[in-house]
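In: sequence plus the predicted model coming up.
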Amino acid sequence: MTSFSKTIAACALLIVVCIGALSFWSQIRNERDRQWVTHTLLVVEKLQAVRIDITQAETGQRGYMLTGQDRYLALYGAGVERVEQDLKELPDLIADNTVEREATQRLAPLIAERLAELHDGIEVRNQSGLLAGVEAVAHANNGEMWMGLIASQIAEMRRTEAMLLSRHLETAGASTRKMKLIIAFGNALAVFILLVKGLVIQKEIGRRNLAEQNLKHVNQMLEQKTVELSETNVEVESFAYSVAHDLRAPLRHIAGFSSVLIEDYGPRIDAEGQRCLKKIADGAQKMGHLVDDLLSLSKVGRQELLLEDTLLDPLLRQVVEELAPEYSGREIEWQIAGLSSAHCDPGLIKQVFVNLLSNAVKYTRRQQRAVIQVGETMQNGERVIFVKDNGAGFEMQYAGKLFGVFQRLHKTGDFEGTGVGLAIVQRIIRKHGGRIWAEAELDRGATFFFTLGVAERGPIRTTQVGAAHAITNDEVIHV
Amino acid sequence: MSNEVEILLVDDSPEDAELTVRALRRNKLANVIQVAEDGAEALDFLFCRGAHKDRTFAHPPRLVLLDLKLPKVDGLGVLRAVRADERTKKIPIVILTSSKQQQDLIEGYNLGVSAYAQKPVDFQQFSETIRQIGMFWMLINQPPPPEVFAAGKAGGA
């Protein structure tokens, strides 16, 4: 998932959470608003009850005054009781509203006055009899006045409550609308974000599909290349096979029959003829070597590396022993310092030493006292193995040609060779991921250096630097 | 006995055959040498059929010098057929060829070749190689006893 897509997902989640919180808060407010509506309705109802109850008390009192029956007295008593109860409850209901509280405070004395008046009327009836009572009722003008005041006070309070009610209703409606809006908008936003996210995912899937397609295509191409490569390898293989068989046969015949000619007809051929025949045989022989060397070069190129931990010292001793026929009768001082082990293909690295040491043996041929040194040193944290001789050397300006196939820096008359040996060495070193280079001076010897690159990246034992041997970097040529 | 073929030389190159025969004769290593120029002819000879139907399995050559790259049936094909048959499987066969390709060496030994030698380009070395092979197989080596070839069917299986 890309960071962009992650951001979108996080946004969507955040928005959904916010909408949830907002709706919750909205719901709470809405409920509170509705409670207010209920509350206001209760107040209105209570005020209505006050009026009814006072009227009931008044009706009871009048009835009693006129009839003297207890049933009217009871009606009066119940009305008074309820009015008193109403007046007790009302302040609690309107405790939140200052205006109403003040109105109640104004209402209470009015009611008290009226109730007192009713009470006085009852007293008069009880003490002075029916006529006095009727008289009192007939002259109770004050009662009308008090009732008018009470009614107007209650009406005012009801108006206030009605106003409050409409306000509360409006607030409740508004909060409901707001909540609806929030929910609608939030859901729309969430849907939108999900849509965007969906599009992004679709786009990503598209991209991934494209990448997969590309990968598939590349894989197909790779497979095709591999097939082509293996076909080429088979071709090279069969070419090498043909070379090995068919090219060597005529050479053998040239060499063979010129020798037969010398053996069988020698006495009849003069010295010049013999010399020519020898040249023919030598030429065939040399070409045989060239074919063999080319085959080994091609074989090295195709060969798979078989890497294993290899002790280089015994390998070197073996090579020196095997080369013995090449330096029999000569005095050579071998200076082979302890080489640490290497992770390499032992067969191929042996070939490297065979080629480098046989070169050293060959090019020190004219030295009275040949010194051939093999050792190792560290350069920039990398182990460098070197083979140094005090032989013919070469001019550094030609160093670039050293490792080319069939490239030679010496005349065949001076030093024989096909010019393939160092090409093989270079190919082996490169297969190991290493480098090879040389430094030399004409008639003062040559030194070949190589590293084993990739193959050496495993753990290397502490390397002992060979006998005192200064190597200066600026003299070194990398090939 | 003196007319029995001692060495069967299988080589499609008349020059190689001539040089080989010359080296053998010089060292007096064989009197009767039969040359087969392709694998089919070699098999006819060894299995006593076709032009060689008068031969018997009781008298195989003491040594077969076998080239690998041959017309019709190649050297490894000849080797496979000979080793697969009880009547011929004990005949000493030395591969003598230009190549020392790894796959040939492996396949040759897999099929049970007796020895494998490469023909050197240099004539002196070539002669020496032939001489040593002849010396060993004709003089030093003890061949399988004639009984295993008698009656055309070998006992030890």
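Out: All right, it came through fine. Fair warning: this is a prediction, and the values are worked out from it, not measured in the lab.

In: let me see the mean pLDDT of stretch A:451-462.
Out: With pLDDT averaged residue by residue, stretch A:451-462 scores 59.

In: now do residue A:357 against chain B, distance only.
Out: 23 Å (CB to the nearest CB, to the nearest Å). (Each C-beta comes from the backbone N, C-alpha and C, glycine too.)

In: make sure I have this right: that residue is in a strand.
Out: No. Residue A:357 is assigned helix when assessed by DSSP: H, G, I helix; E, B strand; the rest coil, not a strand.

In: the residue in chain B that chain A sits nearest to in helix, strand or coil?
Out: Going by CB to the nearest CB, chain A is nearest to residue B:121 of chain B, at 3.0 Å. Secondary structure, three-state DSSP: residue B:121 is coil.

In: that one: neighbouring residues, count only.
Out: By the criterion of other CB atoms under 10 Å in any protein chain shown, residue B:121 has 27 neighbours.

In: residues near the spatially closest residue to it that is not a sequence neighbour, how many?
Out: Leaving out its chain neighbours, the residue that sits closest to residue B:121 by CB to CB, 6 or more residues apart in numbering or on different chains is residue A:288, at 3.0 Å. By the criterion of other CB under 10 Å, residue A:288 has 20 neighbours.

In: could you do the one 4 residues further on as well?
Out: By the criterion of other CB under 10 Å, residue A:292 has 19 neighbours.

In: surely it forms part of a strand?
Out: No. Using three-state DSSP, the assignment for residue A:292 is helix, not a strand.

In: ok, it to chain B distance?
Out: Distance, residue A:292 to chain B, by CB to the nearest CB: 8 Å.

In: same question, residue A:118
Out: 135 Å.

In: residues contacting residue A:39?
Out: residue A:93 (CB atoms under 8 Å, 6 or more residues apart in numbering or on different chains).

In: quick check: phi and psi at residue 69.
Out: Defaulting to chain A. In terms of degrees, to the nearest 10, the main-chain angles of residue A:69 are phi -80, psi 140.

In: I was after chain B.
Out: Torsion angles, degrees, to the nearest 10, at residue B:69: phi -90, psi 100.

In: so what's the residue count around the residue nearest to it when sequence neighbours are not counted?
Out: Sequence neighbours aside, residue A:245 is the residue nearest to residue B:69 in space, at 4.8 Å (criterion: CB to CB, 6+ apart). Per other CB under 10 Å, the neighbour tally for residue A:245 reads 19.

In: and for residue A:398?
Out: With other CB under 10 Å as criterion, residue A:398 counts 13.

In: what about the residue nearest to residue B:121, which helix or strand?
Out: Taking DSSP states H and E as the definition, one finds residue A:288 inside helix A:271-302.

In: contact partners of the helix or strand hosting residue A:384?
Out: Residue A:384 is part of strand A:382-389, with elements assigned from DSSP H and E. Here strand A:382-389 makes contact (CB under 8 Å, 6+ apart) with A:312, A:339-340, A:353, A:356-357, A:359-360, A:363-364, A:370-378, A:445-452, A:456, A:460, A:463, A:466, A:469, A:471.

In: please redo it, this time with the cut-off set to 7 Å
Out: Contact with strand A:382-389 is made by A:339, A:356-357, A:360, A:363-364, A:370-377, A:445-451, A:456, A:460, A:463, as judged by CB atoms under 7 Å, 6 or more residues apart in numbering or on different chains.

In: now do the contacts for the residue lying closest to residue B:119 once chain neighbours are set aside.
Out: With sequence-adjacent residues excluded and distances taken as CB to CB, 6+ apart, residue B:119 is closest to residue B:98, at 5.5 Å. Neighbouring residues of residue B:98 by CB under 7 Å, 6+ apart: A:244-245, A:248-249, B:118-119.

In: SS state for the most centrally placed residue in chain B?
Out: What sits nearest the mean C-alpha location of chain B, by CA atoms, centre = their mean, is residue B:64, with 1.1 Å. Secondary structure, three-state DSSP: residue B:64 is strand.

In: quickly note the distance from residue A:364 to chain B.
Out: 26 Å.

In: just want the residue of the stretch 201-350 of chain A that's nearest chain B.
Out: The nearest approach of the stretch 201-350 of chain A to chain B comes at residue A:288, 3.0 Å away (CB to the nearest CB).
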